[in-house]
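Peer 1: Structure for the following, please:
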Amino acid sequence: MSYQIINCDQGSPEWFTARAGCITASMFSTVRAKVNGLDEKQAKYVEAILTGKTEAQAREAAGYKAAPRAEVVQRAIAGERVGEWSTAAQDYAFRLAIERISGQPLDEGFETWSMRRGHELEPEARREHEAQAGVFVERAGFVMTSDGAFGASADGLIGLEEGSEYKCFVDPAKLRAFWIDNDPSSVMEQAQGCMWITGRKRWHICLYCPALESVGKQLWWRVFDRDDDFIEKMERDLLDFKGVVDKYEQKLRLKEAA
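Peer 2: All right, here's what the predicted structure looks like:
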């Protein structure tokens with residue numbers, strides 16, 4: 001996939017304009033969180049069946065004593081797409097449709113306190129990461145697919161095959177997930193999304209919390225490899241979602257023409 005880099009400061013007017021109408025990696029998890037779909041156990045069972053496992057093996061993999069009889073499971077096994085777009089995803093799609101038409105962010109570039117704090121602390125986080133990992137990180141601004149449909153605020157590019165993401169959470173639950181549970185899954189779609197757009201092979205996920213500097217834990221970081229199976233499934237969902245945005249835009253333009 002070819003992509004372009006918009007060299008701009010995150011949080012700047014140019015950055016907000018570049019993102020307008022673009023499905024961004026920070027929202028990929030929201031887009032993919034469908035409702036009335038398969039739960040975790042059902043998904044494991046269906047995946048096992050579709051990959052050639054026997055029924056007994058699929059039950060064992062998913063933790064079932066008997067085969068699940070839910071209609072949604074049978075539909076998924078038959079190859080049907082299951083699950084519906086959440087209200088949050090539909091609202092986001094409609095917002096993007098409006099931004100495509102106007103070419104400007106619908107919220108006029110409104111920035112929350114947490115967003116502003118993240119942008120202010122990012123240079124510190126980058127320097128700490130460079131020191132600990134022994135790498136040089138090139139600022140990227142905003143990267144997007146050549147057609148402008150998908151994009152990401154890639155916090156940094158490292159050499160030709162890696163990139164980096166910096167988070168500056170203050171929510172104790174999110175901090176605990178990283179430092180105690182060693183679980184960065186909340187930002188995994190964003191990281192894999194950046195690799196999907198840029199074609200890179202590895203992404204550094206970094207959590208920066210200057211409040212922990214006195215105990216030497218101001219930076220949590222790990223390097224994650226590109227997961228092509230994950231990306232393939234994510235791409236299907238994202239292209240489906242793009243279709244929703246396209247339909248909203250078409251309806252709005254028809255009304256305008258009338």
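Peer 1: Can you tell me the SS state at Val73?
Peer 2: helix (DSSP: H, G, I helix; E, B strand; the rest coil).
Peer 1: and the nearest residue to it once chain neighbours are set aside, how far is that from Ala70?
Peer 2: Nearest non-adjacent residue to Val73, counting by C-beta to C-beta, 6 or more residues apart in numbering: Gln42, 5.3 Å away. Using the backbone N, CA and C atoms, a C-beta is placed for each residue, glycine as well. In this view, Gln42 and Ala70 are 7 Å apart by C-beta to C-beta, to the nearest Å.
Peer 1: Likewise for Glu165?
Peer 2: 36 Å.
Peer 1: quick one: which of the two has more around it?
Peer 2: The neighbour comparison of Glu165 against Ala70 (other C-beta atoms under 10 Å) goes to Glu165, with 25 against 12.
Peer 1: In a helix, the more buried one, correct?
Peer 2: No: going by three-state DSSP, the assignment for Glu165 is strand, not a helix.
Peer 1: pLDDT score for it?
Peer 2: What the model reports as pLDDT for Glu165 is 93.
Peer 1: how much space is there between it and Cys206?
Peer 2: Note on Glu165: its distance to Cys206, by C-beta to C-beta, is 7 Å.
Peer 1: and if you look at Ile77?
Peer 2: 40 Å.
Peer 1: next one: Gly103
Peer 2: According to C-beta to C-beta, Gly103 stands 33 Å off from Cys206.
Peer 1: Tell me which residues of the longest helix anywhere in the chain come out buried.
Peer 2: Determined from DSSP state H, the single longest helix within the chain is helix 228-257. The neighbour-count check on helix 228-257 (16 or more other C-beta atoms under 10 Å) flags 231, 234, 237-238, 241-242, 244-245, 248-249 as buried.
Peer 1: ditto for stretch 81-89
Peer 2: For stretch 81-89, by 16+ other C-beta under 10 Å, it's 82, 85-86, 89.
Peer 1: One more: stretch 152-162?
Peer 2: Applying 16+ other C-beta under 10 Å to stretch 152-162 flags 152-158, 162 as buried.
Peer 1: Ends of stretch 144-162, what's the gap?
Peer 2: Length of stretch 144-162, first residue to last, C-alpha to C-alpha, to the nearest Å: 16 Å.
Peer 1: average pLDDT across that stretch?
Peer 2: Per-residue scores along stretch 144-162 average to 93.
Peer 1: Same check on stretch 39-50?
Peer 2: Stretch 39-50 comes out at a mean pLDDT of 85.
Peer 1: Quick one: residues in contact with that stretch.
Peer 2: By C-beta atoms under 8 Å, 6 or more residues apart in numbering, the surrounding residues in contact with stretch 39-50 are 38, 55, 57-59, 61-64, 67-68, 70, 72-73, 76-77.
Peer 1: Setting aside sequence neighbours, what's the nearest residue to Lys201?
Peer 2: In space, Lys201 is closest to Glu161, 4.6 Å off (C-beta to C-beta, 6+ apart).
Peer 1: same thing with Cys8?
Peer 2: For Cys8, the closest residue by C-beta to C-beta, 6+ apart turns out to be Glu14, at 3.9 Å.
Peer 1: Fine by me, we can end here.
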